[in-house]
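A.B. asks: Return atomic coordinates for the entry below.
(one chain, ligands or ions: 1)
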Amino acid sequence: MTDDKLTGLRKSIDKLDSEILKLISDRAKCAQEVAQVKQQEGRDAVYYRPEREAQVLRRVMERNDGPLGDEEMARLFREIMSACLALEEPVKVAFLGPGGTFTQQAAIKHFGHSAVCVPMSAIDEVFREVTAGAVNYGVVPVENSTEGVVSHTLDSFMDSNLKICGEVVLRIHQHLLVSENTRRDHITRIYSHAQSLAQCRKWLDAHWPMAERVAVNSNAEAARRIKGEWNSAAIAGDMAAEIYGLEKIAEKIEDQPDNSTRFLIIGNQEVQISGADKTSIVVSMRNQPGALHSILEVFQVHNIDLTRIETRPSRSGTWNYVFFIDFSGHIDDPVIRIVLERLGERANDLRVLGSYPKGVL
Ligand SMILES: O=C(O)C(=O)C[C@]1(C(=O)O)C=C[C@@H](O)C=C1
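C.D. replies: Below you'll find the model as predicted:
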């Protein structure tokens, strides 16, 4: 009886899969036609359209009635679009490596598995590869909810003309990993990046107070190292566990459960309005009292939601204060144009780093 029921249900699934298969193929053909339309734009044709992708994903989430969750459903569509884009033009993405870092996880979350991800050993190398045209886009971390701003990334923008084309926020889950050769009853060393060791400090104090904590360049490096050591474990994320074939002996060991990192997508492209956008600017002010107030006032008067403001020391004599500011809205919104005009009148210099869709997933 149950066997009959199972067979019947599997028949239904086979039938639905055939329909899904046909629909996905039809969608892919449509994307190929889109590519032909774009090809008419000539050599500068832009295939990846962040604003459109954000709209597609938001629509899927709005229309989803379950039983799959909105994010789960959007992730499936993320992969379908990634494969469709690869048919139009394979996208190459540089990320802060080595393979297995959270930045690679963020790159895949944003572009899907069909993008070709290339590891770089430093943030400024990611900027250089995109500028040189060796890759189409780059992914760099910009702020962590526990550790704060990644100043290297902000500083790289001061020397670059690249644009921000998108953002992606990743929940950071740290796991305690071992290799198949590890003697689990005798772990004497735990490797990880210094930030990750700090993020798991209380957990380590409670569970592994005697193990030596060794800081290395990245979590992925920690995962790679323990492959050849019997008495060592690593703290790293899912991607490192997968790439290096490690086992999680304790999951989600970070002290702050809402620990997350925001990453930026950098490229050469100006992104059109998606309907829920953010703009990032960098403003330099003269060193005089009330400089910051005079900036904030413009946002307040026009009722614009500031999402972040960061001060960096100026690296040239003419720039005294440099503020990195993120706010809601797109440079093509009439009110944002006015805000930028007003800020321009008050600032020494103002540069728009980009308008881009707010992270969807
Ligand atoms: O609408 C487009 O411009 C497309 O190229 C199609 C599509 C999609 O699969 O929906 C694919 C890639 C783009 O980044 C955006 C959307």
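A.B. asks: Residue 225 contacts residue 233, doesn't it?
C.D. replies: No - contact criterion C-beta atoms under 8 Å: residue 225 and residue 233 do not qualify, at 10.4 Å. Just so you know, the C-beta spots here come from the backbone N, C-alpha and C atoms, and that holds for glycine as well.
A.B. asks: what residues do these two have in common as contacts?
C.D. replies: residue 191 (C-beta atoms under 8 Å, 6 or more residues apart in numbering).
A.B. asks: Adjacent strands (with direction) for the lowest-mean-pLDDT helix or strand in the chain?
C.D. replies: In the chain, no helix or strand scores lower on mean pLDDT, DSSP states H and E than strand 148-149, which sits at a mean of 78. Partners of strand 148-149 in the sheet, by DSSP bridges, are strand 137-144 (antiparallel).
A.B. asks: hmm, who's touching the strand it pairs with?
C.D. replies: Outside of strand 137-144, the residues within contact range by C-beta under 8 Å, 6+ apart are 48, 91-96, 102-103, 106-107, 110-111, 120, 123, 126-127, 129-130, 149-150, 153-154, 156, 162, 165, 167-168, 172, 195, 259-267, 308.
A.B. asks: can you check stretch 46-60 too?
C.D. replies: The contact list for stretch 46-60 (C-beta under 8 Å, 6+ apart) reads 35, 38, 70, 73-74, 77-78, 81, 85, 88-89, 91, 136-137, 165-166, 265, 269, 271-277, 356-358, 360-361.
A.B. asks: Now do the buried residues in that stretch.
C.D. replies: Using 16 or more other C-beta atoms under 10 Å as the test for burial, stretch 46-60 gives 47, 48, 49, 50, 51, 53, 54, 55, 56, 57, 58, 60.
A.B. asks: Repeat that for stretch 228-243.
C.D. replies: Quick answer for stretch 228-243 (16+ other C-beta under 10 Å): 229, 231-241, 243.
A.B. asks: what's the helix or strand just after the least confident helix or strand of the chain packed up against?
C.D. replies: Using DSSP states H and E, the helix or strand that directly follows strand 148-149 along the chain is helix 151-158. Where contact means 3 or more C-beta pairs under 8 Å, 6 or more residues apart in numbering; DSSP states H and E, helix 151-158 is packed against helix 123-132, strand 137-144, strand 306-313, strand 321-328.
A.B. asks: Just the mean pLDDT for helix 151-158, thanks.
C.D. replies: Helix 151-158 shows a mean pLDDT of 90.
A.B. asks: Would you mark the buried spots in that helix?
C.D. replies: Within helix 151-158, the residues that qualify as buried by neighbour count (16+ other C-beta under 10 Å) are 153, 154, 155, 156, 157, 158.
A.B. asks: who's in contact with the second one?
C.D. replies: Residues counted as contacts of residue 154 (C-beta under 8 Å, 6+ apart) are 142, 310, 312, 324.
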